[in-house]
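Novice: mind looking at a prediction? Sequence and model below.
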2 protein chains.
Amino acid sequence: MGMIRCTKCGQVHAIAKSGMVRGKQRYYCKDCHIYFTLPDPGNTGVAGTKRPRPGHIATILDIAKALNISKSTVSRALQGHTDIKKETREAVVKMAGKLDYQPNLLAKSLVKSKSNTIGIIVPEFVNYFFPAVIMGAQEIASEAGYNVIICQSQESVKTEIANTKVLLASRVEGVIISMTRETSDFDHFKAFGRHGVPIVFFNRICEKIPASRVMVNDYEGAYNAVEHLIANGYRRIAHISGPPNLRLSQNRINGYLDALKAHKLPSHRSWIIHHDLTAANASDSAKKLLSLRSRPDAIFCVNDPAAIQTLLYAKSIGIKVPDQLGIVGFSDDPISSIIEPQLTTVKQPVSEMGQIAMRILLDQIKLGPGPHKPVHTKLLTNLIVRQSSVRDHP
Amino acid sequence: MGMIRCTKCGQVHAIAKSGMVRGKQRYYCKDCHIYFTLPDPGNTGVAGTKRPRPGHIATILDIAKALNISKSTVSRALQGHTDIKKETREAVVKMAGKLDYQPNLLAKSLVKSKSNTIGIIVPEFVNYFFPAVIMGAQEIASEAGYNVIICQSQESVKTEIANTKVLLASRVEGVIISMTRETSDFDHFKAFGRHGVPIVFFNRICEKIPASRVMVNDYEGAYNAVEHLIANGYRRIAHISGPPNLRLSQNRINGYLDALKAHKLPSHRSWIIHHDLTAANASDSAKKLLSLRSRPDAIFCVNDPAAIQTLLYAKSIGIKVPDQLGIVGFSDDPISSIIEPQLTTVKQPVSEMGQIAMRILLDQIKLGPGPHKPVHTKLLTNLIVRQSSVRDHP
DNA sequence: GTATCTACCGGGAACGATTGCGGTATCGTT
DNA sequence: AACGATACCGCAATCGTTCCCGGTAGATAC
């Protein structure tokens, strides 16, 4: 029970009501029988001035009022409608410039139910690969007038799920995804399908969902890499693989195994080590392989970061590469041509991957809602032979 | 003149009118004296069903109707308002889950005039530096419930201007910028200020604008690097610098020059070469320096990519590093600890840079509109001494 | 001179949320 | 019984666009 000035009468005592409306205390005036809240103290309301807020961005209504025409006309003039007289249009455009008008995409998206936005979810973007893919994708998207929201799942399913929620709430028209290494439940991806948002997977695809995919010929790439090692006289070839639930890991293992089989070379289970794609773990895997009693004389790695860690470890313990150990990576990371010895690697078209994924996605968006036949694209790799796998005297 | 069914009467002939309204032909019915357009053929309108579109995302209205309550109540229930009965709230939440409700951020942003979005503009993100900064920034932003739109200017002022337009149109609440190397006109940045959108510059700052800045102690970093070279017996120290209009280039040059001066060492104009931060250009600069008659015996580079190119070039023409040539870079790019010899470099706190920039920005946003005192933050670097600059016998 | 067209423009309903204002039913006091 | 207070909820305006209707003035046709 405090004395507070009522909005209708003079000061009368009023008491707290209606449990705090949006953070503001609500009062009731006994005499006037009305409810009221106190105005914000910040707003020293100068009556009469309509919208004097400093950071106000001009709207079409501002332009319309300045020109004494309707906002419909302004809207049509601004989007180049034929129905508008030339002078009117010019006046509108001029006034828009004068008022520093910037269209409110939020409002536009809302009314058109079209956000002009694409979502991209990647596990991380510190290692060369994903930024390069994103660059390719973004290039195509902005050519088509689309914006891109980039999300990092940070290899965590939990944030991956959070990412899908954000993208859904932002009403993206399509999504490009490379999964987390630990994603095994796919309900959050299906949400996109339920809401008619097309998906394109790349690199780390999900086979449980009938969506388009962009990958490289992992099997052939691995096969060729291993065959190249064999041709260079290596016989005890091990493999540092990726997380087993990723299709790309499986494909590259199969290529590796089949190449060995085709050349009647042995394959041991202990020669295949899965690692989680972190640098520290790759180095551990290399350590494990190189301290085996039956030490391999070559290692084919699922990607370049792993190959680089392997190479560094081998050097650190005095194993000569390529003489005592052959190494082949996968991706053609810029580091691989700088490290010594230079790394032989299976080059994959990284930027193109993003471009193609985006092109497929935009096509699906153009086709409109409804389930479409998924497009499965397999890009070609090629082996870049450098020093880490070539011996003069096998 | 064709026979087309009128919307009001039976079929009467009608003729093209009103110059194609929004891509659709408009007709006029002579008998009814009305104008009309043909409905979209795609919509085989099943009357009665309100919104049967397949990809429809449930709205609060859908929830309200399903529960026979008003949408206001749904809205309040969903945001945990106190004014809602417990059973009602639970019913709403349950129905929201059942209908797979996802709030429409566009609508929310529109009505609240708050997009919950931050814009980031960087020149590129293939080289280690910018992705790492962005990661740091994004981390802080998502902790605070903000989304991030990332734009690449691709070192082009033109796309940088386009980026600002997009961010403005997306009603971002703040922007973090690292300029293009060629940006010399700043009107497009001022637009943010005019609209009350706070800016934080990092790395490549703009001094013509009273905005907050995050940088490292470029001068001291450079000074220490050069002093380190001097301590290792190098006397003819050159510098590959960045674009001259960037403050960081100037600061690092000054640190370089002052260190030379302090040790009474000569500095030649021909020993300072500006390069445009591309790899090819860095390599050219190294070539130019190393073919000078008075060849320098050490080079301090404005960043690691340049230092790496220099190192590679020196090796390619048989110059021994560090014996015949000392090299120091700037940034501590991951490559610098892998290349041989390992690169001495001035380490800057990259991820922290993004974090701090974002924190400053969020603070300014919290303070609300109106000009605030810009915050100028200078982070500390420290010299990582590796092999490329250390000689046993100076 | 009238009927018919054309060129242009305005009114107003969406889009999907938030929120100020106010109403009803219920309960507790005196 | 009457009144004050509380708990809960609905109405309707609002954000900035787009776009469907439709209307009017002038040109053209007959």
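Specialist: Good, I have the coordinates. From a predicted model like this one, the values you see are computed outputs, not experimental measurements.
Novice: what helix or strand is residue A:94 on?
Specialist: helix A:86-98 (DSSP states H and E).
Novice: same question for that helix, mean pLDDT?
Specialist: For helix A:86-98, mean pLDDT rounds to 93.
Novice: for whichever helix or strand comes after it, packing partners?
Specialist: Counting by DSSP H and E, the next helix or strand C-terminal to helix A:86-98 is helix A:105-112. Packing contacts for helix A:105-112, counted by 3 or more CB pairs under 8 Å, 6 or more residues apart in numbering or on different chains; DSSP states H and E, involve helix B:105-112. All C-beta spots, glycine's among them, are computed from the backbone N, C-alpha and C.
Novice: now the helix it packs on: buried residues?
Specialist: Neighbour counts over helix B:105-112 (16 or more other CB atoms under 10 Å in any protein chain shown) mark B:105-110 as buried.
Novice: within reach of DNA strand D, which of those residues are there?
Specialist: Restricting these to those touching DNA strand D (CB under 7 Å from any atom of the strand) yields B:107, B:110.
Novice: need the buried residues of helix B:105-112 in JSON lines with pLDDT and distance to DNA strand C, can you?
Specialist: Converted to JSON lines, the buried residues of helix B:105-112 look like this (pLDDT from 0 to 100; distance: CB to the nearest atom of the strand, whole Å):
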{"residue": "B:105", "pLDDT": "95", "distance to DNA strand C": "8"}
{"residue": "B:106", "pLDDT": "95", "distance to DNA strand C": "7"}
{"residue": "B:107", "pLDDT": "96", "distance to DNA strand C": "3"}
{"residue": "B:108", "pLDDT": "95", "distance to DNA strand C": "4"}
{"residue": "B:109", "pLDDT": "95", "distance to DNA strand C": "8"}
{"residue": "B:110", "pLDDT": "94", "distance to DNA strand C": "4"}
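Novice: could I get the buried residues of helix B:105-112 in a markdown table, plus columns for distance to residue A:154?
Specialist: Formatted as a markdown table, the buried residues of helix B:105-112 follow (distance: CB to CB, whole Å):
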| residue | distance to residue A:154 |
| --- | --- |
| B:105 | 22 |
| B:106 | 26 |
| B:107 | 29 |
| B:108 | 26 |
| B:109 | 25 |
| B:110 | 30 |
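Novice: max pairwise distance over the buried residues of helix B:105-112: which two?
Specialist: Based on CB to CB, the longest span within the buried residues of helix B:105-112 runs between B:105 and B:110 and measures 9.4 Å.
Novice: strands of the stretch 151-300 of chain A, residue ranges please.
Specialist: For the stretch 151-300 of chain A, the strands defined by DSSP state E, counting those that start in this stretch cover A:174-177, A:199-202, A:212-216, A:237-241, A:272-274, A:298-301.
Novice: out of the ones you listed, nearest to residue A:319?
Specialist: strand A:298-301 (10.6 Å).
Novice: quick check: what element follows that closest one along the chain?
Specialist: Counting by DSSP H and E, the next helix or strand C-terminal to strand A:298-301 is helix A:304-316.
Novice: so what's residue A:384 bridging to?
Specialist: Under DSSP bridges, the beta-bridge partners of residue A:384 are residue A:345.
Novice: quick one, grab the pLDDT at it.
Specialist: 98.
Novice: how far away is the residue lying closest to residue A:288 once chain neighbours are set aside from residue A:120?
Specialist: Distances taken as CB to CB, 6 or more residues apart in numbering or on different chains place residue A:273 nearest to residue A:288, at 6.0 Å, with adjacent residues excluded. Remark: distance between residue A:273 and residue A:120 (CB to CB, to the nearest Å) = 31 Å.
Novice: between the two, which is the more surrounded one?
Specialist: residue A:120 (31 against 20; other CB atoms under 10 Å in any protein chain shown).
Novice: name every strand pairing with the helix or strand containing that one and say which way it goes.
Specialist: Using DSSP H and E, residue A:120 sits within strand A:117-122. The pairing partners recorded for strand A:117-122 under DSSP bridges are strand A:147-152 (parallel), strand A:174-177 (parallel).
Novice: check the secondary structure at the one residue in the stretch 201-350 of chain A that gets nearest to chain B for me.
Specialist: Residue of the stretch 201-350 of chain A nearest chain B, by CB to the nearest CB: residue A:340 (4.9 Å). Per DSSP: H, G, I helix; E, B strand; the rest coil, the secondary structure class of residue A:340 is coil.
Novice: burial measure for it, as a count.
Specialist: So residue A:340, with other CB under 10 Å, has 15 neighbours.
Novice: hmm, it is touching residue B:342, no?
Specialist: No: if you go by CB atoms under 8 Å, residue A:340 and residue B:342 don't touch, sitting 11.0 Å apart.
Novice: which one of the strands of the stretch 151-300 of chain A lies closest to DNA strand D?
Specialist: Nearest to DNA strand D among the strands of the stretch 151-300 of chain A is strand A:174-177 (19.7 Å), distances taken as CB to the nearest atom of the strand.
Novice: pull the distance from the closest one to the chain's centre.
Specialist: Strand A:174-177 sits 7 Å away from the centroid of its parent chain (CA atoms, centre = their mean, to the nearest Å).
Novice: which residues in the stretch 201-350 of chain A form helices?
Specialist: Counting by DSSP state H, counting those that start in this stretch, the stretch 201-350 of chain A has helices at residues A:218-231, A:247-262, A:279-290, A:304-316, A:350-367.
Novice: how near is the residue of the stretch 251-394 of chain A found nearest DNA strand C to residue A:196?
Specialist: DNA strand C sits closest to residue A:369 of the stretch 251-394 of chain A, with a gap of 13.4 Å, by CB to the nearest atom of the strand. Counting by CB to CB, the separation of residue A:369 from residue A:196 is 4 Å.
Novice: which stretches of chain A aren't confidently modelled?
Specialist: A:1-55, A:393-394 (pLDDT under 70).
Novice: what kind of secondary structure is the closest residue to residue A:323 other than its chain neighbours in?
Specialist: Counting by CB to CB, 6+ apart, residue A:323 lies nearest to residue A:391, which is 6.2 Å off, once chain neighbours are set aside. For residue A:391, the assignment made with three-state DSSP gives coil.
Novice: contact partners for residue A:391?
Specialist: Residues near residue A:391 by CB atoms under 8 Å, 6 or more residues apart in numbering or on different chains: A:232-233, A:322-323, A:326.
Novice: swap in residue A:345?
Specialist: With CB under 8 Å, 6+ apart, residue A:345 has these contacts: A:304, A:307, A:328-333, A:336, A:383-384, A:386.
Novice: PyMOL command to pick out the buried ones of these?
Specialist: Buried members of the contacts of residue A:345, defined by 16+ other CB under 10 Å, are picked up in PyMOL with:
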select buried, chain A and resi 304+307+328+329+330+331+332+333+336+383+384+386
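Novice: quick one: closest of the strands paired with strand A:117-122 to residue B:298.
Specialist: Closest of these to residue B:298 is strand A:147-152, at 39.3 Å (criterion: CB to CB).
Novice: measure how the closest one sits relative to helix A:105-112, angle-wise.
Specialist: With axes from the mean of the first three to the mean of the last three CA atoms, to 10 degrees applied, the angle from strand A:147-152 to helix A:105-112 works out at 100 degrees.
Novice: between strand A:147-152 and helix A:350-367, how many degrees?
Specialist: Using the same axes, to 10 degrees: strand A:147-152 against helix A:350-367 is 120 degrees.
Novice: for whichever residue of the stretch 151-300 of chain A sits closest to DNA strand D, which non-adjacent residue is closest in space?
Specialist: Residue of the stretch 151-300 of chain A nearest DNA strand D, by CB to the nearest atom of the strand: residue A:171 (13.2 Å). Once flanking residues are discounted, residue A:171 sits nearest to residue A:115: 4.3 Å by CB to CB, 6+ apart.
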